[in-house]
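> The sequence isn't on hand, but the structure is:
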């Protein structure tokens, strides 16, 4: 296995060929903020929180899907990146209907955490106030599309870990939303095993357990990592 | 040292931010030494928003024509305008009607479809302010100087925001201590 050497924030890093910048940064102890990235499932670069600057390339590149190259020089926290990250979070808030005060994940939400981290005290973009629905047809769970940021973590967890593939993304652009089954109410999708992995994976309050009220949503995020480890490395305890 | 002219305003909100303000308890007495309350639903009985206000906390979103008129007046007559709480910063709960397609369907639902007797839409020009079609956060209407999110911001955050303003300094709205939504 060949090794690639590169520089991240001035720090030399050596990592196996084929690794991503995000993995290399993690190895070097450098934190790159992420939102749609989830340990154990494939990376899709949907949210653009992990954008980094690579010298010699004018575009900003998502660290979660960009492979390292020999002698690459990466910057992860320049003023330009900080500005773009804040803008990303502001756009996510302006795009959906994120009424934190009535949200099940209030205080336990990765979008909120991201806002605090990037120093967002308001969004400069006008709110869209889209008309979105809530599906509580499933006996145990519900999905509130108002709070969805289309990170597709639920889609990937259900497909790649549970193997049920209940979720998908329908439509394009601003009309895009998460569908269950063949655009059926969630409760009518036979493929759903009611495992709840999508609830654990969701970064916001979009997918929740029924009966959960404001600020009550708790997730067992480590469960997903444990399942992947169990399967791939045969580590059956945690 | 002359006192700072201080105002608080209640637009479309639940008054929770003002309740949180009253939670400052004894510190309000200390605050009174530094400020002259020139306009406030909880601190004075003046009906006209005065000229030359130094600091104004604005609670609530801009939801009707009265709110709209007042916020423009506030901006014109205030040095430092603080967006006070989630409704002012994000439009929050009052703006949940924005997703229902303007004021008309909401009024219809509330006053006609759900009315037990004598269903009628409220109409009294000059007395009952007309609803705007959309509830807006304050900064989408006028420029805002400081944002204090939270539903409501708790008393210690209000104190941490006001204290520097009394010395003519700008508070640092950073980190989990100062930024909180919901």
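Thanks, I have the structure now. Just so it is clear, the structure is predicted and the values come from calculations on it, not from any experiment. Numbering: from 1, shown residues only, chains lettered A, B, ... in the order given.
> What segments of chain B are strands?
Per DSSP state E, chain B carries strands over the ranges B:4-10, B:35-39, B:53-59, B:62-64, B:78-84, B:131-136, B:146-148.
> now for the second one, which elements pack on it?
For strand B:35-39, the elements it packs on are strand B:4-10, strand B:53-59, judged by 3 or more CB pairs under 8 Å, 6 or more residues apart in numbering or on different chains; DSSP states H and E. Placement of C-beta: from N, CA and C, glycine included.
> Next, the angle strand B:78-84 makes with the last one.
On the basis of axes from the mean of the first three to the mean of the last three CA atoms, to 10 degrees, strand B:53-59 is oriented at 20 degrees to strand B:78-84.
> Partner strands of strand B:53-59, with direction?
Under the criterion DSSP bridges, strand B:53-59 sits next to strand B:4-10 (parallel), strand B:78-84 (parallel) in its sheet.
> which stretches of chain B have low pLDDT?
B:1 (pLDDT under 70).
> Count the neighbours of residue 128 for me.
Since no chain was named, I'll use chain A. Using other CB atoms under 10 Å in any protein chain shown, residue A:128 is surrounded by 14 other residues.
> other chain: chain B
12.
> returning to what we had before: any chance of TSV for the helices and strands packed on strand B:35-39, columns mean neighbour count and distance to residue B:25?
Formatted as TSV, the helices and strands packed on strand B:35-39 follow (neighbours: other CB atoms under 10 Å in any protein chain shown; distance: least, CB to CB, whole Å):
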stretch	mean neighbour count	distance to residue B:25
strand B:4-10	23	16
strand B:53-59	25	17
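> which stretches of chain A have low pLDDT?
By pLDDT under 70, chain A contains no weakly predicted segment.
> and the residue of it nearest chain B?
As assessed by CB to the nearest CB, chain B sits closest to residue A:100 within chain A, at 2.8 Å.
> That residue and residue B:150 touch, don't they?
No. Here residue A:100 does not reach residue B:150: they are 9.2 Å apart, not a contact under CB atoms under 8 Å.
> shared neighbours, those two?
Contact criterion CB atoms under 8 Å, 6 or more residues apart in numbering or on different chains; residues shared by residue A:100 and residue B:150: B:86, B:181-182.
> so can I have a markdown table of the residues you listed showing neighbour count and distance to chain A?
Shown next, in a markdown table, are these (neighbours: other CB atoms under 10 Å in any protein chain shown; distance: CB to the nearest CB, whole Å):
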| residue | neighbour count | distance to chain A |
| --- | --- | --- |
| B:86 | 31 | 6 |
| B:181 | 26 | 4 |
| B:182 | 22 | 3 |
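> Now for the residue nearest in space to the middle of chain B: which residues touch it?
Nearest to the geometric centre of chain B sits residue B:59, at 1.7 Å (CA atoms, centre = their mean). Taking CB under 8 Å, 6+ apart as the criterion, residue B:59 is in contact with B:8-11, B:13, B:15, B:17-18, B:84-85, B:87-88.
> Distance of it relative to residue B:50?
Distance of residue B:59 to residue B:50, computed by CB to CB, to the nearest Å: 18 Å.
> Would you point out which residue is most central in chain A?
residue A:36 (1.7 Å).
> Check the secondary structure at that residue for me.
Secondary structure state of residue A:36, per DSSP: H, G, I helix; E, B strand; the rest coil, is coil.
> Also residue A:129?
Secondary structure, three-state DSSP: residue A:129 is coil.
> count of residues packed around the closest residue to it other than its chain neighbours?
Of all residues not flanking residue A:129 in the chain, residue B:98 sits nearest, at 3.9 Å (CB to CB, 6 or more residues apart in numbering or on different chains). Applying other CB under 10 Å, we find 24 other residues in the vicinity of residue B:98.
> For residue B:98, list the residues it contacts.
Residue B:98 touches A:127, A:129, B:91, B:134-135, counting by CB under 8 Å, 6+ apart.
> And these, which is closest to residue B:66?
residue B:135 (13.2 Å; CB to CB).
> What's the end-to-end length of stretch A:175-183?
With CA to CA, to the nearest Å as the measure, stretch A:175-183 spans 14 Å from end to end.
> who touches it?
A:132, A:135, A:143, A:145, A:148, A:150, A:152, A:154-155, A:166-171, A:186, A:188-192, A:206.
> List only those of the residues you listed flagged as buried.
Listed as buried from the contacts of stretch A:175-183 are A:135, A:143, A:145, A:148, A:150, A:152, A:154-155, A:166-168, A:186, A:189, A:192, A:206; burial here means 16 or more other CB atoms under 10 Å in any protein chain shown.
> Enumerate the residues of chain B near chain A.
Proximity of chain B to chain A, by CB under 8 Å from any CB of the partner chain, involves residues B:83, B:86, B:89-93, B:95-96, B:98-101, B:134, B:137, B:139-140, B:144, B:147-149, B:151, B:173-176, B:178-182.
> switch the cut-off to 6 Å
Residues of chain B found near chain A (CB under 6 Å from any CB of the partner chain) are B:86, B:89, B:98-99, B:147, B:149, B:151, B:173-174, B:176, B:179, B:181-182.
> Report the two of those separated the most.
Pairwise distances across these (CB to CB) peak at 31.0 Å, for the pair B:99 and B:174.
> When the two are compared, which one has more neighbours?
Neighbours were counted for residue B:99 and for residue B:174 using other CB under 10 Å; residue B:99 has more, 14 against 11.
> Distance-wise, check the more buried one relative to residue A:96.
From residue B:99 to residue A:96 the distance is 10 Å (CB to CB).
> Test my guess that residue B:58 contacts residue B:9.
Yes. Under the criterion of CB atoms under 6 Å, residue B:58 makes contact with residue B:9 at 4.8 Å.
> my guess is residue A:160 meets residue A:41, correct?
Yes. With contact defined as CB under 6 Å, residue A:160 reaches residue A:41; the gap is 4.9 Å.
> isn't residue A:158 right up against residue A:167?
Yes. Counting by CB under 6 Å, residue A:158 does reach residue A:167; the two are 5.0 Å apart.
> Could you turn the buried ones of the contacts of residue B:98 into a ChimeraX selection?
Entered in ChimeraX, the line below selects the buried ones among these, by 16+ other CB under 10 Å:
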select /A:127,129 /B:91,134,135
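> quick one: which of the contacts of residue B:98 is nearest to residue A:52?
Using CB to CB, residue A:127 comes nearest to residue A:52 of the contacts of residue B:98, at 29.1 Å.
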